[in-house]
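1. I would like the atomic coordinates for the input below:
(4 chains)
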Protein chains: 2
Amino acid sequence: MTTASKTIKPQRHSRASGRVTIVDVAHMAKVSPMTVSRALKTPALVQQAARDRIAVAIQQLGYVPNQAASTLASAKSQVIGVIVPSLSNAVFVETLHGIRDSLDQHGYKFLIGESHYSPDKESQLISTFLTQAPDGFLLSGIEQQESLRHQLATNNIPAVRMFDLSPNRNDMTVGFSQKKAGYSMARHLIERGYRRPGFLGAQLDPRMMKRRAGFRKALADAGMDSGIEVLTAAPSTVELGAKLLGQLLQQTPDCDAVFCCNDDLALGVLFECQRRGISVPGQLAIAGFNNLPWSAHANPGITTIVTPRYDIGFTAAHLLIKRLKREPIEKARIDLGFELAIRAST
Amino acid sequence: MTTASKTIKPQRHSRASGRVTIVDVAHMAKVSPMTVSRALKTPALVQQAARDRIAVAIQQLGYVPNQAASTLASAKSQVIGVIVPSLSNAVFVETLHGIRDSLDQHGYKFLIGESHYSPDKESQLISTFLTQAPDGFLLSGIEQQESLRHQLATNNIPAVRMFDLSPNRNDMTVGFSQKKAGYSMARHLIERGYRRPGFLGAQLDPRMMKRRAGFRKALADAGMDSGIEVLTAAPSTVELGAKLLGQLLQQTPDCDAVFCCNDDLALGVLFECQRRGISVPGQLAIAGFNNLPWSAHANPGITTIVTPRYDIGFTAAHLLIKRLKREPIEKARIDLGFELAIRAST
DNA sequence: CTGAAAGCGCTTACAG
DNA sequence: CTGAAAGCGCTTACAG
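-> Here you go, the predicted structure:
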């Protein structure tokens, strides 16, 4: 092995990692490292023959670019920090899929953080992510801490906020009106003839509270009682839905419809109705929120608000990339709307 | 502003990023950059007074370490690559939580990839992740492509495999016996007196096939018909469960129990039974797999196998960290077992 | 307990 | 279309 001679006289301070680098590729392809770099990033600027030799060398050597070196030299990490409230909620997983599909197309990677609906936790995650020098952020909701806004501004890192629409025209936001969605559902129940609709809310995050506000407004606008509700800060689960229904019926026995702040709660309500022998929608109508994959297939199918979470992720990532590439942005505030899916439960 | 003089004579090749670096902190704290680095990584080696001055400087300047520089210099990224089949399945999200809780304690971050049960996709994700120079990998299942094993070996990157137990004693694996789990469920149904249990399988991934094999073996051991089943490569959903039940009953009308390869399918079967007026478990018993959060709260509660996915994630990450720190490893193959949760559906 | 020197593997900013 | 030089912000490997 002629390469053995390389190790005969180790240099002081030598830290040869043994890793294949751009220099190795350059040697084999008889070009400079700079040309290899160009062949990788901007192939159009490299002569075809050189490109071919470089491709062969990369193949032969099994060269893998070192992202850390690239990030350090270029001050661009190609990383986007993404904060969602929770991965336990299928809604946000679908948003992530939208983000991934959008980011993949442009060579960006992303870091995922779960805020668990806590602004403190969110700020803390951002601080941790900052060490990775992300090029941008995708955040959930529009209610970030002032210190966080300041931190992003100071580091000049753009952010797009998802799931809601900011009243501030300068903020980049992609979502829909949570309040209008709540209003729509109340209107639907009213039009169906329900006279005593109640609201079941968990988590109590800002978006949920906006849905509730819309729901209450529609009832008040119709001159109906808008105060029938049970709220809890606990995370929503099927189990919780069953429990909250019990509380609601105890407090308002003549309640004839219930709007759950999400489908998980609605499923729990449905099972509890089955256990109690309450017919749905005969004695009690059930409505949910989000249109989770199973909601159309429950028995009965659950009326719900269809939210565009995949598109929110895809569009938000797309908007952020446009901004990073300094392309012109026509609209910083993108309303993707929602739909009402009426099914047998109401 | 006296600092303005700094910009009077810009150097050629100057790329001052404006970012606060370890050098800035060192100046303010009147120490060398090396001492700042130590104060951050191994504070015990730095005198208290210096540490205090450094802490103040970091605070004042808002210094954030540059991970890319650290990774490049140390050849340690503090990043773990994690591949799970899908984030749409709550099981894997819980595993991620276990991984996060374990990794957080040791300052590791992680990259998440979804293989969608495809070995090709898995290999592709690993290649992409390699660019980030991960210190280790956490993989799902034990059936990786040979090229992937080779790639990990070549780069000398340790990996822990989750959810199954490798027959190879050298592989680090954390999971449980999928086959025994399937066997247990069949034994339970047999003991309950069911004579014509069938199997509903989706996705057809290796672990699902092992559950099936265990199920069939128990039936065969008991001299019963082990061929009652409907399989499909489609991903499991509630909707699919309903559809598969239809096929099963058409093909085997006297089937009196059904073991679903996971709880989502079981929920679909339950709703379909309700729609068809089939009493559960009177006319048909239903069993699932995984014990998803709602399965105990369905109507009736669904009998299922409780799988230790949070612990699998936590333990696998812990094992990997031990390996990375070159601590002695007593057991490379950790069987976390499973439990049978018997509920009203059987 | 502390620091000067060298190097990690890329890309920027020129210059041809 | 190509390349030499310098630098990105840390840590290693010494030497005190």
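2. please tell me I have it right and A:Tyr108 contacts A:Asp135.
-> Yes - in terms of Cβ atoms under 8 Å, A:Tyr108 counts as a neighbour of A:Asp135; the distance is 7.4 Å. To be clear about C-beta, it is placed using only N, CA and C from the backbone, and glycine gets the same treatment.
3. so where is the stretch 1-150 of chain A shaky, pLDDT-wise?
-> By pLDDT under 70, the weakly predicted segments of the stretch 1-150 of chain A are A:1-17.
4. try 50
-> Applying pLDDT under 50 to the stretch 1-150 of chain A flags residues A:1-14.
5. all helices for it, in order.
-> For the stretch 1-150 of chain A, the helices defined by DSSP state H, counting those that start in this stretch cover A:22-29, A:33-41, A:48-61, A:67-74, A:90-104, A:119-130, A:146-154.
6. ok, which of the ones you listed comes nearest chain B?
-> Nearest to chain B, of all those, is helix A:67-74, at 3.8 Å by Cβ to the nearest Cβ.
7. got a list of contacts for that closest one?
-> Here helix A:67-74 makes contact (Cβ atoms under 8 Å, 6 or more residues apart in numbering or on different chains) with A:76-78, A:133, B:66-69, B:71-72, B:77, B:131-133.
8. stretch A:46-56 too?
-> A:Val25, A:Met28, A:Ala29, A:Lys30, A:Val31, A:Thr35, A:Val36, A:Arg38, A:Ala39, A:Pro43.
9. what residues does the stretch 101-250 of chain A put near chain B?
-> A:109, A:111-112, A:127-128, A:130-133, A:154, A:237-239, A:242 (Cβ under 8 Å from any Cβ of the partner chain).
10. closest one of these to chain B?
-> For these, the nearest to chain B is A:Val238 (3.6 Å; Cβ to the nearest Cβ).
11. from DNA strand D, how far out is the closest residue to that closest one other than its chain neighbours?
-> Counting by Cβ to Cβ, 6 or more residues apart in numbering or on different chains, B:Trp294 is the residue found nearest to A:Val238 once chain neighbours are left out, at 3.6 Å. Distance of B:Trp294 to DNA strand D, given as Cβ to the nearest atom of the strand, to the nearest Å: 45 Å.
12. residues touching B:Trp294, list them.
-> So B:Trp294 contacts A:Thr237, A:Val238, A:Glu239, A:Asp264, A:Leu267, A:Gly268, B:Asp263, B:Leu267 (Cβ under 8 Å, 6+ apart).
13. report how many residues lie close to the fourth one.
-> Residues contacting A:Asp264 under the criterion other Cβ atoms under 10 Å in any protein chain shown number 27.
14. other SSEs contacting the helix or strand hosting it?
-> Assessed by DSSP states H and E, A:Asp264 sits inside helix A:263-276. Applying 3 or more Cβ pairs under 8 Å, 6 or more residues apart in numbering or on different chains; DSSP states H and E, we find helix A:263-276 packed against helix A:238-251, strand A:257-260, strand A:285-287.
15. in TSV: those, plus mean pLDDT and distance to A:Asn170.
-> Output for those, formatted as TSV (pLDDT from 0 to 100; distance: least, Cβ to Cβ, whole Å):
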stretch	mean pLDDT	distance to A:Asn170
helix A:238-251	98	38
strand A:257-260	98	34
strand A:285-287	98	35
